[in-house]
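> below are the sequence and a predicted model; questions follow.
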Amino acid sequence: MTQTVAQKLQGSSVAVSFSSAFFGFYHHAGVLKALVENGVTPAQVAGTSAGAIVAAMYGAGMSPDEICDALLTIKRKDFWDFQFPFTKTGFGWLAGKRFAAALSRMLPVHNFESCRIPVSLGVYRVRDGRSVQMQSGSLIQGVVASCAVPYLFQPVSIGGEIYWDGGFQEKTPLGLFAHTDIETIFVSHMPPREHRGGTAKKGLFANIAFTADTPPEERRERDRAAVRILREMGKSVIVFSPDRIWLGPFSLDKAEEAMTYGYEKACHALAQTDETALGSDELR
């Protein structure tokens, strides 16, 4: 009998990797809810930027329903703490202290070592311009660093190092799974708007965040190369890359719609027997 995508995942040791995406954590939460409801239990999670929020919440012991409920309580005031932008760690209009406080309230554990499964969060190390994975220490600081959009949020200092948003250089954390016992990597990937029939982001936040960004095509090629290497090593990589509901800090009224949309899209794809139903076999 032909198996559905969900059934294939149920018989494998699965890691879930959540890509960066401006306020895409609502979508990721919906996808995670669909996976778990369809019998998929992640053995490891990783995330960058928006993806780091959902990865941390699940790894910390929250159920998908608890994650969705918690995210839907977020208001702009919970992270919108303007400051004088020139700080010891670098330039940033938002201090990130309110964001850290919100995470402290939501997360049941506050360090990586207390998580129920391994958690990896992608960050950009400013000193040498390298993408690195945080896997120990403060989970809250790891999430804040992974989400520190350049020039919008103040860069984050951890252990004497300065970090920016992990999506600044590497959109999707994948390489860390190469030398693990993980058999299948499910990638919840959110492509740029222009790669789903929309238009590129414009306006204040796009300009602030990405004036010094790694070129999008370079980041995409890094992700594609990581997928090829993992597959050459005998691992299964399933890419879920549908369209999405776009929102930002001034359109949080769309949050529940975005979450439901991600959930329904994932449920439909997981019920199919053809992996192409997941939206794409390529990271766009």
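Happy to help now that I have it.

> now do the strands in the stretch 151-284 of the chain.
Remark: strands assigned in the stretch 151-284 of the chain by DSSP state E, counting those that start in this stretch are 151-153, 156-158, 161-165, 184-188, 236-240.

> so which elements touch the helix or strand where residue 33 lies?
Counting by DSSP states H and E, the element that carries residue 33 is helix 25-37. Packed against helix 25-37, as judged by 3 or more Cβ pairs under 8 Å, 6 or more residues apart in numbering; DSSP states H and E, are the following elements: strand 14-18, helix 50-59, helix 64-71, strand 184-188, helix 255-270. Where you see a C-beta, it was placed from the backbone N, CA and C, and this is true even at glycine.

> tell me the most buried of the strands of the stretch 151-284 of the chain?
Mean neighbour count, computed with mean count of other Cβ atoms under 10 Å, is highest for strand 184-188 among the strands of the stretch 151-284 of the chain, reaching a mean of 26.

> tilt between it and helix 255-270?
Strand 184-188 runs at 140 degrees relative to helix 255-270, counting by axes from the mean of the first three to the mean of the last three Cα atoms, to 10 degrees.

> how far is strand 184-188 from where the chain is centred?
Its chain's C-alpha centre and that of strand 184-188 lie 12 Å apart, by Cα atoms, centre = their mean, to the nearest Å.

> distance of residue 160 relative to residue 89?
Going from residue 160 to residue 89 by Cβ to Cβ, to the nearest Å gives 11 Å.

> ok, these two, which is more surrounded?
Higher neighbour count among residue 160 and residue 89: residue 89, with 14 against 6, using other Cβ atoms under 10 Å.

> circling back: and the angle for the helix holding residue 33 with helix 50-59?
Using the same axes, to 10 degrees, helix 25-37 lies at 40 degrees relative to helix 50-59.

> pull the CA atoms of the next helix or strand along the chain from helix 25-37 into PDB?
Using DSSP H and E, the helix or strand that follows helix 25-37 towards the C-terminus is strand 44-48. The C-alpha coordinates for strand 44-48 follow below in PDB (Å, rounded to 0.1, in the frame of the first residue of the first chain):
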ATOM      1  CA  GLN A  44      15.300  17.300  17.300                       C
ATOM      2  CA  VAL A  45      14.400  20.900  16.200                       C
ATOM      3  CA  ALA A  46      16.300  23.700  14.800                       C
ATOM      4  CA  GLY A  47      15.300  27.200  13.700                       C
ATOM      5  CA  THR A  48      16.600  30.600  12.500                       C
END
